[in-house]
Structures are given as C-alpha cells and as structure tokens.
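Peer 1: Could you work out the structure for the sequence below:
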Amino acid sequence: MLLIKDLLPKAVKKAGIKQSVDIALALERAKIILARVYGKEFLLGVHPAYIQYKTLVLACTDSSAASQIGYCEEEIIEYINQAFEKRVVERISLIT
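Peer 2: The predicted model follows:
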C-alpha cells in the first residue's frame, strides 16, 4: 500500500511545481526560525515576502527589527535549507 507522503513528492515533480512548492515551504520555515530566534512579536515588523534568485526578501516595517536580522543571517539561511536537497536560499535582502 502506498502512502500519500510517498506519492506527493513524485506528483509535485511531475506537475512541474516543485520549485514553487519549495519556495512556499522555505518562506514558512523562514517564519518559524524568525519567531524562534527573535520571538513571535518580531513577525509583526518583519515578514518573509518572497524568494527570487536564491535571495530571501524580508519586508520590514520596523527598522529596529530589520537591523537585528544581520546578527543571525547564517543561522536563518541554514535552518531554511536543512529541509531541501539543494540550497533554496543563499542570502537575505531587506525591503522597507
């Protein structure tokens, strides 16, 4: 008997949406690590917006929160990439 967890990765790849699914999962992982490192309140001022060309773009409405991102940038990137076979994120960029 086949389980859905075994079928889903094949179906995603076959449908040609693997990259989109990976990006969505990476954005969710970004939220998780930001909340873990800085606290859930931090997400009120910083929001993972999108990933383009392996750059995670964070939308920042709070300048003090944005200035804190650099301190744990590598930890954030490594946490996001742990869930994937190859690196989805290589750098972080901020927009205000």
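Peer 1: Which is the succeeding secondary structure element to the lengthiest helix in the chain?
Peer 2: When every helix of the chain is counted residue by residue (DSSP state H), the longest turns out to be helix 18-38. The helix or strand immediately downstream of helix 18-38 is strand 46-52, counting by DSSP states H and E.
Peer 1: any idea how far Lys10 is from Ala24?
Peer 2: 18 Å (Cβ to Cβ, to the nearest Å). Using the backbone N, CA and C atoms, a C-beta is placed for each residue, glycine as well.
Peer 1: wait, Arg91
Peer 2: Taken as Cβ to Cβ, the spacing of Arg91 relative to Ala24 amounts to 19 Å.
Peer 1: repeat for Glu90
Peer 2: Distance of Glu90 to Ala24, computed by Cβ to Cβ: 18 Å.
Peer 1: Any stretches of this structure with poor pLDDT?
Peer 2: Screening the chain residue by residue with the criterion pLDDT under 70, one finds the ranges 1-2, 4-5, 12.
Peer 1: Could you tell me how far Asp6 is located from Glu85?
Peer 2: Distance of Asp6 to Glu85, given as Cβ to Cβ: 16 Å.
Peer 1: Repeat that for Tyr38.
Peer 2: From Tyr38 over to Glu85 (counting by Cβ to Cβ), the distance is 28 Å.
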